[in-house]
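# take a look and give me a structure for this.
(2 chains)
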Amino acid sequence: MTSATSQPPTDGARAPDGPRRTRAEALRAAVAGGAALGAAALAGAWTRPAATIGRPTPTQDARILNFLLVVEETQAGFYEAALRSGALRGDLLEFARVVAPQERDHVALLRRRLGRRAAAPPRLDFGDAITDAPRFRAAAIDLEEQAAAAYIGQGASLTAAAMQDAARIVAVEARHAAWIRDLAGEDPAPRPADPASPAADVLSHLRQKGFLR
Amino acid sequence: MSGPTDLTFADIDRDEALLEAVAALHGETRAAFLRKAAIGGGALLAALAMPPSAGAAARLTDTAVLQFGLRFERLQATFYTEADRLGTVGRMPAAKQQWARTLGAHERAHVRIIKQILGDKAGPRPFFDFHGSTESDGSFTRTAVAMEDLTVALLTGVTPHMQDRRLSAALFGLLTTEARHAAWARHLVGTTPAARSFDDPRPVADVQSIVDATHFIRASPRLRRRRSRPRFTG
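All right, here's what the predicted structure looks like:
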């Protein structure tokens, strides 16, 4: 979709013992030249030949919206299962309580737009990501980043009305991403422009994590 | 959620002057209200409390949208840069300093990006006067929170309507960054980062009138306006 598609989205779900970029480091990077990277990605997206973006059609809309529906169903299912588990406390509980119904609203809007073309809900499995607070936090960051990158990658290939829906939704996904990153002590806005992720990458990532069966 | 934003004035406008202004809104037109609203950051907050203007968005050329976007990004970049230069940012708690400096770096990057896309259509940099909003933590933060939410509404509106789809693709990545800024800012001031399930778009003309109401952008530098009372003589 864009030149940024070759670059996977930041994996917020790094191993807990892995290197974690502190906010101060992230800030220095942003000021010292990380900003230029985002600029290049964005300008690159613009200078790419238009042919890389499929001409929007209702058929293509259905394909893209069904992909985004899988992403939204995964998120909604994740937060709802975590709330049911009763394991969340404090800030994380408040986060899940606000975000779960918002993801369900996204599912409902996509299903309404798709009508009879909507695919059946996927089978999900979150293991201990819904019962263990640090794993929940890592999985939430991962899911929100995947969702934002998925919309960034697909949004411009939609017809006008569907693209408006995508913009209204992705802004909220990005808000969720920043919020949960802030709760995890990670930089809420690590780049001046966010990268896109191809649909195939997002789906294989969700399968590899075991969330999507 | 009631209304277009949950960000109540009581949350961020401690002196409640705006609350009174909004209470007096009934029966007034938007234009009349915006004319009366306090200039500066107050106008931003007041405007955000009002629903987006109804009616179909005007069809603008991509260049016109980007030129407006550039003015708005320049305004934001200058706002953060000035607050840093004045020492306002440096006097904030560490977490807020990181927030303010990251946003400044990002907005300056956005200016460079849009200038690069516009090329010789970028136009000259306007002059800014923030009417004191960059000088204290409180006014700086209130203005920043409102400005970031307004940017999200602007980009939510323009992104799907670009004539060149490549620009829509690029703007999606800016929209999410601005939404992160807004959520981060809201979290810092203790209000919910994601108030609603969907972010609503605001037409360019709407944002234009809000920016006009702040009087942040000036046609000429402040000095020139004071020609009758020159600072330097002889």
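
# quick check: closest non-adjacent residue to the residue nearest the centre of chain A.
Central residue of chain A (C-alpha atoms, centre = their mean): A:A147, 1.7 Å from the mean position. Spatial nearest neighbour of A:A147, chain neighbours left out: A:E173 (4.5 Å); criterion: C-beta to C-beta, 6 or more residues apart in numbering or on different chains. From N, CA and C alone the C-beta is placed, and that goes for glycine too.

# for B:L75, same thing?
Leaving out its chain neighbours, the residue that sits closest to B:L75 by C-beta to C-beta, 6+ apart is B:F216, at 5.7 Å.

# what's the burial count for that neighbour?
By other C-beta atoms under 10 Å in any protein chain shown, 25 other residues sit near B:F216.

# from what I see, it and B:Q76 are in contact.
No - B:F216 is not in contact with B:Q76 according to C-beta atoms under 8 Å; the separation is 9.8 Å.

# how far away is the residue nearest to B:L75 from B:W99?
20 Å (C-beta to C-beta, to the nearest Å).

# what about the helices in the chain?
Unless you meant another one, I'm taking chain A. Under the criterion DSSP state H, chain A contains helices at A:23-29, A:35-47, A:58-85, A:90-114, A:133-154, A:160-183, A:199-208.

# let's do chain B instead
Listed in chain order, the helices of chain B (DSSP H) span residues B:9-12, B:17-23, B:30-36, B:41-48, B:62-85, B:94-118, B:137-158, B:165-188, B:204-214, B:222-225.

# among the ones you listed, which is nearest B:P124?
Of all the helices of chain B, helix B:62-85 sits nearest to B:P124, with 10.2 Å by C-beta to C-beta.

# got any ranges where chain A has weak pLDDT?
Within chain A, the stretches with pLDDT under 70 are A:1-54.

# related to what we said a few turns ago, isn't the residue nearest to the centre of chain A right up against A:L69?
No - using C-beta under 8 Å, A:A147 is not in contact with A:L69, being 11.5 Å away.

# ok, back up a step: pLDDT score for the residue nearest to B:L75?
pLDDT recorded at B:F216 is 90.

# separation between it and B:V65?
Taking C-beta to C-beta as the measure, B:F216 falls 20 Å from B:V65.

# OK, contacts around the closest residue to B:Y80 other than its chain neighbours?
In space, and not counting its chain neighbours, B:Y80 is closest to B:G104: 3.2 Å by C-beta to C-beta, 6+ apart. By C-beta atoms under 8 Å, 6 or more residues apart in numbering or on different chains, the contact set of B:G104 is B:77, B:80-81, B:83-84, B:89.

# can we see that at 10 Å?
The neighbourhood of B:G104, defined by C-beta atoms under 10 Å, 6 or more residues apart in numbering or on different chains, consists of A:30-31, B:76-84, B:89, B:144.

# most tightly packed of the helices of chain B?
Neighbour counts (mean count of other C-beta atoms under 10 Å in any protein chain shown) averaged over each of those peak at helix B:165-188, with a mean of 28.

# and the nearest residue to B:G69 once chain neighbours are set aside, how far is that from B:H215?
The shortest distance from B:G69 to any non-neighbouring residue, by C-beta to C-beta, 6+ apart, is to B:I114 (5.6 Å). Look at B:I114 and B:H215: by C-beta to C-beta, they are 23 Å apart.

# and the residue nearest to the centre of chain A, what does it touch?
Shown in contact with A:A147 (C-beta under 10 Å, 6+ apart): A:9, A:68, A:71-72, A:74-75, A:103, A:106, A:169-170, A:172-174, A:176-177, A:197, A:202, B:176.

# tally of neighbours for the nearest residue to B:S197 once chain neighbours are set aside?
Setting aside the residues directly before and after it, B:S197 is nearest to A:D105 in space (C-beta to C-beta, 6+ apart), at 3.7 Å. Neighbours of A:D105 under the rule other C-beta under 10 Å: 17.

# pretty sure A:D105 is touching B:F198, no?
Yes - A contact is recorded between A:D105 and B:F198 when judged using C-beta atoms under 10 Å, the distance being 7.3 Å.

# hey, what's in contact with both of these two?
A:169, A:172.

# pLDDT below threshold where in chain B?
Within chain B, the ranges that satisfy pLDDT under 70 run B:1-43, B:45-58, B:220-234.

# same thing but at 50, please
Scanning chain B for pLDDT under 50 picks out B:1-5, B:7-28, B:36, B:224-231, B:233-234.

# circling back to that earlier point, got the contact list for the residue nearest to B:S197?
A:D105 neighbours (C-beta under 10 Å, 6+ apart): A:72, A:76, A:169, A:172, B:196-198.

# that one and A:R112, how far apart?
10 Å.

# repeat that for B:A94.
Separation of B:A94 from A:R112 (C-beta to C-beta) stands at 45 Å.

# residues contacting the closest residue to A:P101 other than its chain neighbours?
Nearest residue to A:P101, sequence neighbours excluded (C-beta to C-beta, 6+ apart): B:S197, at 7.2 Å. Contacts for B:S197 were tallied using C-beta under 10 Å, 6+ apart; they are A:98-99, A:101-106, A:108-109, A:168-169, A:172, B:1.

# filter those down to the buried ones.
Among these, those classed as buried by 16 or more other C-beta atoms under 10 Å in any protein chain shown are A:98-99, A:102-106, A:109, A:168-169, A:172.

# number of residues surrounding A:A160?
Neighbours of A:A160 under the rule other C-beta under 10 Å: 10.

# dump the residue contacts of the nearest residue to it once chain neighbours are set aside.
Excluding its sequence neighbours, the residue lying closest to A:A160 (C-beta to C-beta, 6+ apart) is B:P160, at 5.8 Å. Neighbouring residues of B:P160 by C-beta under 10 Å, 6+ apart: A:155-156, A:158-168, B:57, B:168, B:171-172, B:201.
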